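*Asks:* structure for the following, please:
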Amino acid sequence: MGSHEVLKEIPPMIITNSRINGSVNFHDYYPKFINLTGTIFVNDVNFNDTIFPENITFKNAIFMGYTNFSNTSFMSKIDFSDTEFKKITNFEKVNFQKESLFINASFCKVIFRNCKFNLSEFLEATFYDYANFADTEFFKNVLFERANFLGRANFDNATFAEEAHFDEATIEGAIQFQDSKFDGIADFSEVVFADSNFYSAYFNKEAYFNDAVFTCDATFDNCRFVDDALFQGSSFKSRITLARSRYNNLYIRWDNISKGLEYDESSYQLLIGNFKKLGFYADAENCYYQFRLEQFFRRDLSEEPITYFIDFGAWIFSGFGMKPIYPVIWSVYFIIIFSIYLNSIKSDKSMNIFIKWMLISNFLIIILYIILWDGNLIVFLPMTLVILFLIVSINRINKYKNDVEQYIADGIIPKSFSEAFYLSLNNFFLGIEPVNDLLDSQNHSKIIMPALKEALLLESLLGILLWVSLILCLAEKVIRPF
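*Replies:* Reported below is the predicted structural model:
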């Protein structure tokens, strides 16, 4: 204990509700009993290298200057409840052998580095500035329930041998638990986090983050959850990382992390398996969809052109096999578009309206998409290409408009939208052959008929592609549940 071989023993001391204006120095002392309840220390206080063998109480005390308890041993219960520390407080390497109470205490900058705690309570304590608990060992339960960390807090490499309760705490500054070990239950339920860093933290028992709110980045890289990790009802307002983390059961819903999850292949694969194991099939599908989408956007078109376009088609037309609504929507869209196309051939006016309507509607849909979803415009590539193809086809047919009336009379070109819709519907679902029979039944223009046949062939191929996509999607959901 310091440079002294024998500590200076002092008799019991009771000073309550008093004011001490001078500095206080108990360095290397061995006080039998001290009661300083309600005492105001105006200047610096030094208790370093001191041993307190009996119960000590500083309840309701106010420390207005620098306070030093470093290397001190509290062999009995110590009570700092409702105590105020106005300036820097140093508890580094303090040994709390019995119960330590800091209930409703308030700290400016405080250092608890390398401390050893028995049962400790920081209920509703307030840390206005930096709080350093790095390398500290908590041998019994520790309670930080409803505590307020208004500045940065550091629990790096801390060890929690039994239960650690931080539930309902408010954390406005960055908090770190890097390389910390929780051998008992860790409860962070209903905590409001700012930046939180649990890199390489080890949770040997249940870890509760239920209804927690992560307002800034949340780092769980390289974490190990031996037992259940519960994040039910938690929300992540910013980024969350799970790279190289391992867990058995992670109770979290995809909607809560989908917007902020940092891309990492192993993180996604583990999450997909986790959702599947827990029976959260919709979450597993949505997670898989997001994973494939992230993969696609990271592909280099110049290096993997074939894979790129295969993935592009799988995304656009089936949501990578996870979105059966995609082929249904595309089917309805293409049937309507080709119906309008077929109905527009009958007159110059209809052709001009078709061209203008196609261009304007495609532009408006893109603008609406940007405003509402802020998505990637590559999704409109198939729609735009089909529309441009049909516009070119219309222009080719328009050059031979004198023959159009004859083709209408022959039943080759639909007379009304209902006929055009019926022709488009049959072509989309039954293929080009029934239409070919009609088109080849008489000798028609070598320009108009090829243009019309090419358009209908394109619709037929799109129908086959979308039918196959729909069947594959349904197979994933019904025949072979995810």
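*Asks:* contacts, neighbours, all on C-alpha from now
*Replies:* Will do.
*Asks:* got the contact list for the residue nearest to residue 86 when sequence neighbours are not counted?
*Replies:* In space, and not counting its chain neighbours, residue 86 is closest to residue 64: 4.9 Å by Cα to Cα, 6 or more residues apart in numbering. By Cα atoms under 8 Å, 6 or more residues apart in numbering, the contact set of residue 64 is 40-44, 85-87.
*Asks:* any idea how far residue 324 is from residue 64?
*Replies:* 68 Å (Cα to Cα, to the nearest Å).
*Asks:* what subset of the contacts of residue 64 is buried?
*Replies:* Neighbour-count burial (16 or more other Cα atoms under 10 Å) is assigned, among the contacts of residue 64, to 40-42, 44, 85-87.
*Asks:* ok, residue 75 touching residue 54?
*Replies:* Yes - Residue 75 lies in contact with residue 54 (Cα atoms under 8 Å); the separation is 6.5 Å.
*Asks:* where does residue 333 sit, in terms of helix or strand?
*Replies:* In this assignment (DSSP states H and E), residue 333 forms part of helix 325-344.
*Asks:* average pLDDT for that helix?
*Replies:* What helix 325-344 shows for mean pLDDT is 87.
*Asks:* please work out which residues outside that helix touch it.
*Replies:* Residues from elsewhere that reach helix 325-344, judged by Cα under 8 Å, 6+ apart: 316-319, 350-351, 353-354, 390, 394, 413-417, 420-425, 428, 459, 463, 466-467, 469-470.
*Asks:* what about 6 Å?
*Replies:* 317-318, 350-351, 417, 420-421, 424, 466, 470 (Cα atoms under 6 Å, 6 or more residues apart in numbering).
*Asks:* return the subset of those lying in helices.
*Replies:* Among those, DSSP state H puts 317-318, 350-351, 417, 420-421, 424, 466, 470 in helices.
*Asks:* among the residues you listed, find me the one that's closest to residue 36.
*Replies:* residue 318 (73.0 Å; Cα to Cα).
*Asks:* the closest one: neighbouring residues, count only.
*Replies:* 25 (other Cα atoms under 10 Å).
*Asks:* residue 164 now?
*Replies:* If you count neighbours by other Cα under 10 Å, residue 164 ends up with 24.
*Asks:* surely it is in contact with residue 186?
*Replies:* Yes - between residue 164 and residue 186 there is a contact under Cα atoms under 6 Å: 4.9 Å.
*Asks:* find the least confident helix or strand in the protein, judged by mean pLDDT.
*Replies:* Across the helices and strands of the chain, mean pLDDT, DSSP states H and E gives its lowest value to helix 433-439, namely a mean of 51.
*Asks:* now residue 76: how far from residue 67?
*Replies:* On the measure of Cα to Cα, residue 76 and residue 67 end up 20 Å apart.
*Asks:* actually residue 92, not the one I typed
*Replies:* Here residue 92 is placed at a distance of 11 Å from residue 67 (Cα to Cα).
*Asks:* now the helices for the chain?
*Replies:* Ranges of helices in the chain, per DSSP H, are 254-257, 265-278, 281-297, 305-318, 325-344, 348-373, 381-398, 404-409, 417-430, 433-439, 448-474.
*Asks:* what comes up buried for the fourth one?
*Replies:* What it means is helix 305-318. Buried, per 16+ other Cα under 10 Å, within helix 305-318: 308, 311-318.
*Asks:* next, format the residues you listed as JSON lines and append pLDDT.
*Replies:* Shown next, in JSON lines, are the buried residues of helix 305-318 (pLDDT from 0 to 100):
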{"residue": "308", "pLDDT": "85"}
{"residue": "311", "pLDDT": "88"}
{"residue": "312", "pLDDT": "87"}
{"residue": "313", "pLDDT": "86"}
{"residue": "314", "pLDDT": "88"}
{"residue": "315", "pLDDT": "88"}
{"residue": "316", "pLDDT": "84"}
{"residue": "317", "pLDDT": "86"}
{"residue": "318", "pLDDT": "88"}
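*Asks:* in TSV, list these along with distance to residue 282.
*Replies:* Listed next are those as TSV, based on distance: Cα to Cα, whole Å:
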residue	distance to residue 282
308	26
311	21
312	22
313	22
314	19
315	17
316	19
317	19
318	16
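*Asks:* what is the nearest of those residues to residue 191?
*Replies:* residue 315 (37.9 Å).
*Asks:* leaving out sequence neighbours, find the closest residue to the closest one.
*Replies:* residue 293 is the one closest to residue 315 (Cα to Cα, 6+ apart), at 7.3 Å.
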